[in-house]
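*Asks:* Pasted the sequence and its predicted model underneath.
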Amino acid sequence: MHFPYFFHPYKSPKFTLFIKDMRKTGYITILFLLGWAMTFSQASTSLHRAYLDSAVVYKRNDIEKSIDFITHSITALGKRADKKALAESLAALGDVYQFHNQYDLAITNYKDANEANRSSRTTIKLGTAYIFNKEYDKAESVLTPLTEIDNLIPFQRVELFENLGDAYTGLGQIDRAVAL
């Protein structure tokens, strides 16, 4: 079966690929077909995102493949990785481990993600992993400071108080759990 040129742009006579090394700025600019321009950092961010999306697809069925995709996503970021993107990859790795009931590995990755770029979302996930690992005192100490944050989105606030209630229940403080 033969496809027209628009399916195979690299076979098209109009296809041009220009790589221009701009040594003064340190950027590599790649120009495709209709003048699209993409810097190297944009390309690596796009590749990072694609690897993370693939990791989510395989999270339930193939832990090895999912972890491999996350490893590739971190590699795509390079040595000067954006801290937020690195934290996103580490949190995704924590999600994979938590899904497969490997809570100690999930905790480690959530901690690393928070170290790279602290977020309430990752902190709530860390608290959840502590609860699943029956470390209720650590869950309480991680989650309690989040109650002071006013701009949590409603879903996060609900998840936060559910987890705090579970932590208090695990600690045997039923009255405190019910008071939430």
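*Replies:* Yep, it's here. Source: prediction; values computed, not measured. Numbers count the residues shown, from 1 in each chain.
*Asks:* and residue 178, that one's in a helix?
*Replies:* Yes. Using DSSP: H, G, I helix; E, B strand; the rest coil, the assignment for residue 178 is a helix.
*Asks:* Below-threshold pLDDT in this structure: ranges please.
*Replies:* 1-45 (pLDDT under 70).
*Asks:* switch to 90 and redo it
*Replies:* 1-49, 76-82, 177, 179-180 (pLDDT under 90).
*Asks:* quick one: the strands in it?
*Replies:* 18-22, 27-32, 36-39 (DSSP state E).
*Asks:* Now the spatially most central residue of the chain. Nearest residue, chain neighbours left out?
*Replies:* Residue closest to the average C-alpha location in the chain (CA atoms, centre = their mean): residue 88, at 2.5 Å. The shortest distance from residue 88 to any non-neighbouring residue, by CB to CB, 6 or more residues apart in numbering, is to residue 52 (6.8 Å). Quick note: C-beta positions are derived from backbone N, CA and C, even for glycine.
*Asks:* Residue 171 now?
*Replies:* Leaving aside its chain neighbours, residue 171 sits nearest to residue 136 (4.8 Å; criterion: CB to CB, 6+ apart).
*Asks:* Can you name the residues that contact the one you found?
*Replies:* 130, 166, 167, 168, 170, 171 (CB atoms under 8 Å, 6 or more residues apart in numbering).
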